[in-house]
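# have a look at this fold, sequence not included:
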């Protein structure tokens, strides 16, 4: 009778051991669902910020500019929270879909795009230029195009190994737009030094345009990181 009870308990004991092993091994399974949605949320946050930034460059009303800047600042703060969430998941996951250093770099670079965009918006509000050059809106629209491409690229990350060509093409287009932004900034510098007689206004607008151009540089850096990931894993 005792022997029967022992035999009866044995399968239950084995089941408990297997459950514990499964719990341990589950920590080593790549949790791709954790990272791709976070990176995508970051890219969507940046895109929303770039659309607000276009509106900010188009308005002449100081109060409206302040209101747009507050909205952009709120998105920048939200982006910091998304980045913190990404870091937490990296700390809690043993195996990641690709190198944690690359995930970390991509997350930080996405955050830098938002930070630099916010910095450009802040300069517009703080410096209060008499007029913003038309090229500031052109530059903002190029930045918006970059952000749209970044969102497309992050949407493709989980399919990158099967179809790297699509992501490569997106990154190439991103670089082309960044080159356009560089050219636009150079044209602006030539024009402003030729035509602006007020040195203070010259400095204000030069600093604003430079910061917008920096934001497109950061966007191109996102593409460079993604291209590095493609070389490693696709």
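Structure's in. What do you need? Just so we're clear, the structure is a prediction, and the values are computed from it rather than from any experiment. Numbers count the residues shown, from 1 in each chain.
# hey, where'd the helices end up in this protein?
If DSSP state H is used as the criterion, the helices of the chain fall at 2-26, 32-58, 62-92, 100-127, 134-156, 164-195, 199-233.
# which one of those has the poorest average confidence?
Per-segment confidence across those bottoms out at helix 2-26, which has a mean of 50 in mean pLDDT.
# now tabulate the helices of the chain in JSON lines and tack on mean neighbour count.
The C-beta positions use only the backbone N, C-alpha and C, and glycine is treated the same way. JSON lines is the format used below for the helices of the chain (neighbours: other CB atoms under 10 Å):
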{"stretch": "helix 2-26", "mean neighbour count": "9"}
{"stretch": "helix 32-58", "mean neighbour count": "20"}
{"stretch": "helix 62-92", "mean neighbour count": "16"}
{"stretch": "helix 100-127", "mean neighbour count": "21"}
{"stretch": "helix 134-156", "mean neighbour count": "22"}
{"stretch": "helix 164-195", "mean neighbour count": "16"}
{"stretch": "helix 199-233", "mean neighbour count": "19"}
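# do I have it right that residue 48 meets residue 74?
No. Counting by CB atoms under 8 Å, residue 48 stays clear of residue 74, with 10.1 Å between them.
# quick one, what contacts the closest residue in space to residue 166 that isn't next to it in sequence?
When the adjacent residues along the chain are set aside, residue 166 lies closest to residue 156, with 5.4 Å between them (CB to CB, 6 or more residues apart in numbering). With contact set as CB atoms under 8 Å, 6 or more residues apart in numbering, residue 156 has these partners: 163, 166, 167, 170.
# repeat that for residue 122.
Each residue near residue 122 by CB under 8 Å, 6+ apart is listed here: 69, 73.
# swap in residue 167?
With contact taken as CB under 8 Å, 6+ apart, residue 167 is in contact with 153, 156, 157, 160, 226, 230, 234.
# how much space separates it from residue 109?
Computed as CB to CB, to the nearest Å, the residue 167 to residue 109 distance reads 15 Å.
# go on, residue 99?
In this view, residue 99 and residue 109 are 15 Å apart by CB to CB.
# what's the closest of the contacts of residue 156 to residue 128?
Compare each of the contacts of residue 156 with residue 128 using CB to CB and the shortest gap goes to residue 170, at 37.3 Å.
# pull the distance from stretch 189-202 to the chain's centre.
Its chain's average C-alpha position is 33 Å from that of stretch 189-202, according to CA atoms, centre = their mean, to the nearest Å.
# how about the closest residue to residue 209 other than its chain neighbours, what does it touch?
With CB to CB, 6+ apart as the measure, residue 188 is the residue that lies nearest to residue 209, at 5.3 Å, once sequence neighbours are left out. Residues near residue 188 by CB under 8 Å, 6+ apart: 133, 135, 139, 209.
# which residues does the second one contact?
Which is residue 135. Contact analysis of residue 135 by CB under 8 Å, 6+ apart lists 184, 187, 188, 191, 209.
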